[in-house]
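A.B. asks: mind folding the following:
(one chain, ligands or ions: 1)
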Amino acid sequence: MQKELNVLLAGSAWGQNFSGVEKGPEAVWEQGELERKVTNLGWNIAQVERHQFERQAADKPSPVKGTINDSKEVGQALSTICASAGELNAHDNFLLTLGGDHSIALATIAAALIATKGELCVIWVDAHEDFNTPETSSSGKCHGMPLAALTHAFDIRKCKGFENFPEFPPLKSENLALIGTRDIDGGVHNKIHESKAKIYTMAEIDQYGIGPIIDHAIEAVNPGGNLPIHLSYDIDALDPAVAPATGTRVHGGLTYREGHLIAEHLAETGCLKSVDLVEVNPEMPGADITINVATKIIMSALGQRIMPKWLEM
Ligand SMILES: [Mn+2]
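C.D. replies: Okay, here's the model as predicted:
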């Protein structure tokens, strides 16, 4: 049976301060030749939806405590992306979303939570926790807030610009695992540590190895193996030597192979239903190698292996 794929190109940069990341989706899709590659892998591309939100390079907001920078613009962009993800989810196909900055995951995961009535697991691969609220954030950047909004640590629908953002059931923290974390906002009272979310930092990955960590994460968030899994993959989880063209680089990240094994193991669960790949900025140095590794991680998440498992042959 042919597998059906919907693709959402979510070109928004309003969740952070650099221009260029809004061009990430087109760059990864076109330069990565994903249409040809995923078709060769046995997928039928049912629909491709494109959303492009422009911003000026000089446009640098000054944060105001308790608010989201460019709240109106980011709210409108995410409401549009969420509505689009909702329509694409309705087709029951696998949904691949290319960002854009990581705030777009607030839109895709809210749509998935609506579609699954809150019965959803999320694996968040990222150098950062992305669990700030407008109150705890010192920068005001929305791309550091999606997990706090999704778990209802604050009400995103009360923020300016989000008037049309749909109501959605909360992401339950016991269904959430973070992998690759290494840059945690210091001095901020961070509710994620009080929640049931599993946080696998780079220290645990060094200690135990990425294979056991990803298997532990899958078992922890989806013990019955019966819930759909959404993978939200921030390219900054990878070490800057592997993926340099991204806005918030942090040393000591995942290696090339560690980054792939996460996607490969998730694909093997059969529960993976949607993937975001975000924060590729094609205007930054090292764009070509970053687009290349992003493309390959997407292919791994869609089931590509180095070699078919011999047991299945
Ligand atoms: Mn992120």
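A.B. asks: so residue 284 makes contact with residue 245?
C.D. replies: Yes - with contacts counted by C-beta atoms under 8 Å, residue 284 reaches residue 245, the gap being 4.0 Å. From N, CA and C alone the C-beta is placed, and that goes for glycine too.
A.B. asks: neighbour count: these two, which is higher?
C.D. replies: Taking other C-beta atoms under 10 Å, residue 284 and residue 245 do not tie; residue 245 has more neighbours (26 against 16).
A.B. asks: can you point out the helix or strand that includes the residue positioned nearest the centre of the chain?
C.D. replies: What sits nearest the mean C-alpha location of the chain, by C-alpha atoms, centre = their mean, is residue 232, with 2.7 Å. Element membership for residue 232, per DSSP states H and E: strand 229-234.
A.B. asks: where exactly do the strands run in this structure?
C.D. replies: For the chain, strands defined by DSSP state E occupy the ranges 3-11, 43-52, 94-99, 121-125, 176-181, 198-201, 229-234, 272-278.
A.B. asks: most tightly packed of those?
C.D. replies: Comparing the strands of the chain by mean neighbour count (mean count of other C-beta atoms under 10 Å), strand 121-125 comes out on top with a mean of 28.
A.B. asks: any idea which residue of the stretch 51-200 of the chain lies closest to the ion?
C.D. replies: In the stretch 51-200 of the chain, the residue that lies nearest the ion is residue 102 (3.6 Å; C-beta to the ion).
A.B. asks: measure that residue to residue 241 for me?
C.D. replies: As judged by C-beta to C-beta, to the nearest Å, residue 102 and residue 241 stand 21 Å apart.
A.B. asks: neighbour-wise, which of the two wins?
C.D. replies: Each of residue 102 and residue 241 has its neighbours counted (other C-beta under 10 Å); residue 102 has more, 31 against 13.
A.B. asks: next, count neighbours for the residue nearest to that one when sequence neighbours are not counted.
C.D. replies: Leaving aside its sequence neighbours, residue 102 sits nearest to residue 143 (C-beta to C-beta, 6 or more residues apart in numbering; 4.3 Å). Look at residue 143: counted by other C-beta under 10 Å, it has 31 neighbours.
A.B. asks: residue 143 touches residue 16, doesn't it?
C.D. replies: Yes - Residue 143 is within contact range of residue 16, at 4.7 Å (criterion: C-beta under 8 Å).
A.B. asks: so what's in contact with these two at the same time?
C.D. replies: 101, 103 (C-beta atoms under 8 Å, 6 or more residues apart in numbering).
A.B. asks: re earlier: and the strand holding residue 232, what other elements does it pack with?
C.D. replies: Applying 3 or more C-beta pairs under 8 Å, 6 or more residues apart in numbering; DSSP states H and E, one finds that strand 229-234 makes contact with helix 104-115, strand 121-125, helix 256-269, strand 272-278, helix 287-301.
A.B. asks: the second one pairs with which strands, and in what direction?
C.D. replies: Based on DSSP bridges, the strands next to strand 121-125 in the sheet, each with its direction, are strand 176-181 (parallel), strand 229-234 (parallel).
A.B. asks: wait, residue 88 sits on residue 6?
C.D. replies: Yes - contact status for residue 88 versus residue 6: in contact at 4.2 Å, counting by C-beta under 8 Å.
A.B. asks: mind listing the shared neighbours of the two?
C.D. replies: Common neighbours of residue 88 and residue 6 (criterion: C-beta under 8 Å, 6+ apart): 47, 49, 95.
A.B. asks: now do the contacts for the last one.
C.D. replies: The contact partners of residue 95, taken as C-beta under 8 Å, 6+ apart, are 5, 6, 7, 8, 85, 88, 89, 108, 112, 273, 274, 275.
A.B. asks: across the sheet, point out what pairs with it.
C.D. replies: Beta-bridge partners, per DSSP bridges, of residue 95: residue 6, residue 274.
A.B. asks: give me the distance between it and residue 171.
C.D. replies: Distance of residue 95 to residue 171, given as C-beta to C-beta: 16 Å.
A.B. asks: what's the closest non-adjacent residue to residue 130?
C.D. replies: Nearest to residue 130 is residue 147, by C-beta to C-beta, 6+ apart, at 4.9 Å.
A.B. asks: what pLDDT does the one you found get?
C.D. replies: As predicted, residue 147 sits at a pLDDT of 96.
A.B. asks: also residue 78?
C.D. replies: pLDDT for residue 78: 98.
A.B. asks: can I get the helices and strands packed on strand 229-234 in CSV with distance to residue 202 and mean pLDDT?
C.D. replies: Formatted as CSV, the helices and strands packed on strand 229-234 follow (distance: least, C-beta to C-beta, whole Å; pLDDT from 0 to 100):
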stretch, distance to residue 202, mean pLDDT
helix 104-115, 21, 98
strand 121-125, 12, 98
helix 256-269, 10, 97
strand 272-278, 19, 98
helix 287-301, 17, 98
